[in-house]
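Visitor: A structural model of the following input is requested.
(chains A and B)
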Amino acid sequence: NAGVMQNPRHLVRRRGQEARLRCSPMKGHSHVYWYRQLPEEGLKFMVYLQKENIIDESGMPKERFSAEFPKEGPSILRIQQVVRGDSAAYFCASSQERGSPLHFGNGTRLTVT
Amino acid sequence: EDQVTQSPEALRLQEGESSSLNCSYTVSGLRGLFWYRQDPGKGPEFLFTLYSAGEEKEKERLKATLTKKESFLHITAPKPEDSATYLCAVQGGRGYQKVTFGIGTKLQVIP
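Guide: Numbers count the residues shown, from 1 in each chain, chains lettered A, B, ... in the order given. Predicted coordinates for the structure are as follows:
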């Protein structure tokens, strides 16, 4: 029973490039969440999606960041024109339904040089 | 806005020395309170869900309890492999509410 799969585990981008982070939820889970974590800081909510719908994107910067969860395939978190401040660990989580515990992947560590 | 405060930020215990971690929360109608364990370089691992005051859950050396304002994670006779950061999170109950996390308590158990 595969858990939440995220790739790549590590991603290095130069300033101005695009970063694409992928997340495959656990089997049977249709709710996906993205969080960002900086050293010595907690997990900060970014966006909550269900298949083909964005439910809550209140934690995501309005510019340069976007997320999708298509009918087929993984959820994608896209960061355009990355800046050094985007360097962080990005975690994806999935749940079976609203109110169920979130199950996390091992994250993508983005480094912007 | 939902808030979660965890204390202490860091805790160092001798192997076998029992202790408790605290999670204080403010939420509009609690749908669920969650405890997670996070090891360095890994994602949070789900431990427990608590839904209502008075509820308790146990798993090996860990026991989680819940009141109307806070939750405790009790660690009995810890071992070095219990060393990790323990995260508390809450989800409100009115319609959809995102899951809000605390910063965590970093636990180190010394042999």
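
Visitor: For the residue lying closest to A:Y33 once chain neighbours are set aside, identify the helix or strand it belongs to.
Guide: Among residues not flanking A:Y33 along the chain, A:A93 sits closest, at 4.6 Å (C-beta to C-beta, 6 or more residues apart in numbering or on different chains). All C-beta spots, glycine's among them, are computed from the backbone N, C-alpha and C. For A:A93, the host element (DSSP states H and E) is strand A:88-95.

Visitor: contacting residues around that strand?
Guide: A:4, A:6, A:21, A:23, A:25-26, A:29, A:31-38, A:43, A:46, A:75, A:77, A:101-105, A:107-110, B:43-44 (C-beta atoms under 8 Å, 6 or more residues apart in numbering or on different chains).

Visitor: Relative to that strand, what are the paired strands and their orientations?
Guide: With DSSP bridges as the test, strand A:88-95 is paired with strand A:31-37 (antiparallel), strand A:103-104 (antiparallel), strand A:108-112 (antiparallel).

Visitor: what about the longest one, distance to the chain center?
Guide: What it means is strand A:31-37. 5 Å (C-alpha atoms, centre = their mean, to the nearest Å).

Visitor: give the contact list for residue 57.
Guide: Assuming you mean chain A. By C-beta under 8 Å, 6+ apart, the neighbours of A:E57 are A:M46, A:V47, A:Y48, A:A67.

Visitor: Correction: the question concerned chain B.
Guide: By C-beta under 8 Å, 6+ apart, the contact list for B:K57 reads B:F48, B:T49, B:L50, B:K63, B:A64.

Visitor: Apply 6 Å and report the result again.
Guide: Residues in contact with B:K57, defined by C-beta atoms under 6 Å, 6 or more residues apart in numbering or on different chains, are B:F48, B:A64.

Visitor: which of the contacts of strand A:88-95 are buried?
Guide: A:4, A:6, A:21, A:23, A:25-26, A:29, A:31-37, A:43, A:46, A:75, A:77, A:101-105, A:107-110, B:43-44 (16 or more other C-beta atoms under 10 Å in any protein chain shown).

Visitor: burial measure for B:S83, as a count.
Guide: Residues near B:S83, counting by other C-beta atoms under 10 Å in any protein chain shown, number 17.

Visitor: What residue in chain B comes nearest to chain A?
Guide: Chain A sits closest to B:G43 of chain B, with a gap of 3.5 Å, by C-beta to the nearest C-beta.

Visitor: just curious, which of the contacts of A:E57 is nearest to chain B?
Guide: A:Y48 (6.2 Å).

Visitor: helix/strand/coil for the closest one?
Guide: strand (DSSP: H, G, I helix; E, B strand; the rest coil).

Visitor: show me what contacts it?
Guide: So A:Y48 contacts A:Y33, A:I55, A:D56 (C-beta under 6 Å, 6+ apart).
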